[in-house]
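# pasting the sequence and the predicted coordinates here, then a few questions.
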Amino acid sequence: MNFKKGYLAILVFLMPLIMRAQVFDPNKGCVVDNNGDCISNTLLTAVPFLRITPDARAGAMGDAGLAISPDANSIHFNAANLVFSQEKSGFSMTYTPWLRNLNLDDIFLLYVSGFYKIDNNQAIGGGIRFFSLGDIDFTDIQGNSLGTGRPREGEFTATYARKLGDKLSASLSGKYIFSNLASGLQVNGVDISTAKAFAADFGVNYRTKTNLGGYKGQLSTALSFTNIGSKVSYTRDNLVKDFIPANMGLGTALTLDFDDYNSLTFALDFNKLLIPTPITSKILNEDGTLSDNPEYDKDESGIADYREKSLFSGLLGSFGDAQGGIREELKEVSVGFGAEYWYAKQFAFRGGYYYESSEKGNRKYFTVGAGVKYNVFGINLSYLIPSSVIPNPLDNTLRFSLLMDFSVFRADSGE
């Protein structure tokens, strides 16, 4: 079996066992290892590819894209931005290599999106996301071949956005999600199937003109709820279903126009997954002994109660269900910060930083990038530079987006 890629698929089915082996220390307010040191208690979801930033522009700004100026990629972050676009329509395609540091060249994320403004108050759009995990040679525990698999995941999105006033807009998106990691195989006698889900995104955006230090500009604030949808199962028995990565994002962006040629944007995003925080089956006592956690499996079903929560119970409870209390809840908020400089509205230079608590995944990295726009075409590039010991699938990887502005053709034709 190709271990590097097979691990990606198998990890989905092993996660519940990994969490069961961890221990919570009430005195430290965190999950600890055998040495008593705090370790990561990451929120676990199915189809995590939905949270991969598919836009090289925002990807170069610390993944901050909730409130920046709109383009076709706003459908991923906050589709409410679309009605404030100065273009009548737009199209974008982004290619993101995955795990290139492991010399794997057949794993990638492809994202295609587009929008059209019906009038000054309404816009529609859609997007397709496709995540390929390459080809995997599956084997059983004895090393006997079980055939070759081609894990694939995808998302289809349709969106509608409308102005609620001169400065306020809202959007609603519907999406269909599928995840085929190892369909047709058996793990411990259980048949593996394709996970499927329907979900919705909700977004609002407020934009107003501002004046700071004598420079005119624009201030944008955005709130989005994404991937609010049904739980999924990778097994045919459907006894246990997993949450998809429902997320709440709050972002702001400030753009200053220094003159007709120079402008600068600062963007700041906060994101929190709206899913139950994993709890441990064991608690560390003050005398060093372990005791069973009474909150882990109250119904004695053999399945952790946090995994059995309903969709809305998980969403509403996600703000106060962590074992470590408010201190741990705050650590579940990730932060992305970025800046973008434009010269003559044709050349862009970007940079940013992304931060996630060491106890909630420990993703920390710098981002840089550039962009160029000429007539109908635009190209954005981004590069990720890790700043933590935890490897990132995009470490030292160059990704790019191609954008097209079809309104240029309409202007040339005199429409």
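Nice, I can see it.
# use CA for all of it now, contacts and neighbours both
Noted.
# hey, where'd the helices end up in the chain?
Ranges of helices within the chain are 3-20, 56-59, 74-77, 305-308, 311-317, 326-331, 407-412, based on DSSP state H.
# rank these by pLDDT, which is bottom?
Looking at the helices of the chain, the lowest mean pLDDT belongs to helix 3-20 (a mean of 44).
# mind checking the longest strand of the chain?
Assignment by DSSP state E gives strand 195-212 as the longest strand of the chain.
# could you count how many residues lie near residue 342?
19 (other Cα atoms under 10 Å).
# could you do residue 305 as well?
By other Cα under 10 Å, 17 other residues sit near residue 305.
# what's the neighbour count on residue 39?
18.
# next one, pLDDT for it please.
87.
# got the contact list for it?
30-33, 358-359 (Cα atoms under 8 Å, 6 or more residues apart in numbering).
# which strands and helices sit next to the longest strand of the chain?
Strand 195-212 makes packing contacts with strand 168-180, strand 215-229 when contacts are defined by 3 or more Cα pairs under 8 Å, 6 or more residues apart in numbering; DSSP states H and E.
# work out the gap between it and the centre of the chain.
Distance of strand 195-212 from the chain centroid (Cα atoms, centre = their mean, to the nearest Å) equals 14 Å.
# now swap in stretch 278-298 and tell me
That offset, for stretch 278-298, works out to 31 Å (Cα atoms, centre = their mean).
# 325 is where my numbering starts, stick with that
OK, 325 is where the count begins now, so the last one is stretch 602-622.
# poorly predicted segments of the chain, please.
Counting by pLDDT under 70, the chain has low-confidence residues at 325-345, 425-428, 464-467, 470-471, 510-512, 562, 730-739.
# find the nearest non-adjacent residue to the residue positioned nearest the centre of it, please.
The chain has residue 375 as the residue nearest its centroid, 1.5 Å off, counting by Cα atoms, centre = their mean. The shortest distance from residue 375 to any non-neighbouring residue, by Cα to Cα, 6 or more residues apart in numbering, is to residue 569 (7.1 Å).
# and stretch 524-535, which residues are buried?
Residues of stretch 524-535 classed as buried: 524-531 (neighbour count, 16 or more other Cα atoms under 10 Å).
# quick check, nearest of the contacts of residue 363 to residue 603?
Closest to residue 603 out of the contacts of residue 363 is residue 355 (8.8 Å), distances taken as Cα to Cα.
# isn't that closest one up against residue 348?
Yes. Applying Cα atoms under 8 Å, one finds residue 355 in contact with residue 348, separated by 4.2 Å.
# who touches both of these two?
Here residue 355 and residue 348 share the contacting residues residue 604, scored by Cα under 8 Å, 6+ apart.
# what about residue 715, how many neighbours?
Look at residue 715: counted by other Cα under 10 Å, it has 14 neighbours.
# for the buried residues of stretch 524-535, which one is nearest residue 636?
So of these, ranked by how close each gets to residue 636 (Cα to Cα), first place is residue 524, at 13.4 Å.
# tell me the contacts of that closest one?
Going by Cα under 8 Å, 6+ apart, residue 524 touches 496-499, 550-553.
# dump these to CSV, plus neighbour count.
Putting the contacts of residue 524 into CSV (neighbours: other Cα atoms under 10 Å) gives the following:
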residue, neighbour count
496, 21
497, 24
498, 19
499, 20
550, 26
551, 26
552, 23
553, 21
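# just the closest of the contacts of residue 363 to residue 662, please.
Set against residue 662, the nearest of the contacts of residue 363 by Cα to Cα is residue 682 (20.8 Å).
# surely the closest one is in contact with residue 365?
No. Using Cα under 8 Å, residue 682 is not in contact with residue 365, being 9.0 Å away.
# of those two, who's got more company?
residue 365 (23 against 18).
# now do the contacts for that one.
Neighbouring residues of residue 365 by Cα under 8 Å, 6+ apart: 354-355, 602, 683-685.
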